[in-house]
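In: Prediction below, plus the sequence it came from.
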Amino acid sequence: MADRITTSQLLNLADRSERGLTTAEASRLRAGIAQLHDERASLRNRLRVQTRRRNIAVSKLSDIHRLATLARERGNATVPTWAVDACLSDASNQEAA
């Protein structure tokens, strides 16, 4: 929709709809409503993707924190890098699923 309809234009058209709209105005109102619907759907999708990415990152950090805590409880001063890599790759495999 190259010709964007602003919210104020939609409100004006809605006010005028009480008195009756011309065919062009009704078409413009329908186009504006469809545009708003598409924008909201796009926003929902972007938020869903970002939330999923955030949850994956939190999961990875939790796994590494759990690994470090277990190592500390066992008296280890260090955590092997292969164990950290395993935590990260497990979370990556969950992302692909």
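Out: Yep, it's here.

In: tell me the secondary structure for the residue positioned nearest the centre of the chain?
Out: In the chain, the centroid-proximal residue (C-alpha atoms, centre = their mean) is Leu47; its distance is 1.5 Å. What DSSP: H, G, I helix; E, B strand; the rest coil gives for Leu47 is helix.

In: Could I get the phi/psi values of Pro80?
Out: phi -60, psi 140 (degrees, to the nearest 10).

In: Tell me how many other residues surround it.
Out: Using other C-beta atoms under 10 Å, Pro80 has 11 other residues around it. Where C-beta positions appear, they are placed from N, C-alpha and C, glycine not excepted.

In: Let me know the pLDDT of it.
Out: At Pro80, the model reports a pLDDT of 90.

In: could you list every residue that touches it?
Out: For Pro80, the contact set (C-beta atoms under 8 Å, 6 or more residues apart in numbering) is empty.

In: gap between it and Leu70?
Out: 12 Å (C-beta to C-beta, to the nearest Å).

In: ok, now Leu47?
Out: Distance from Leu47 to Leu70, by C-beta to C-beta: 34 Å.

In: again with Asn45
Out: Applying C-beta to C-beta to Asn45 and Leu70 gives a distance of 38 Å.

In: try Thr6
Out: Computed with C-beta to C-beta, the distance linking Thr6 and Leu70 is 57 Å.

In: One more: Val79?
Out: To Leu70, Val79 is 9 Å away according to C-beta to C-beta.

In: neighbour-wise, which of the two wins?
Out: Neighbours were counted for Val79 and for Leu70 using other C-beta under 10 Å; Val79 has more, 15 against 12.
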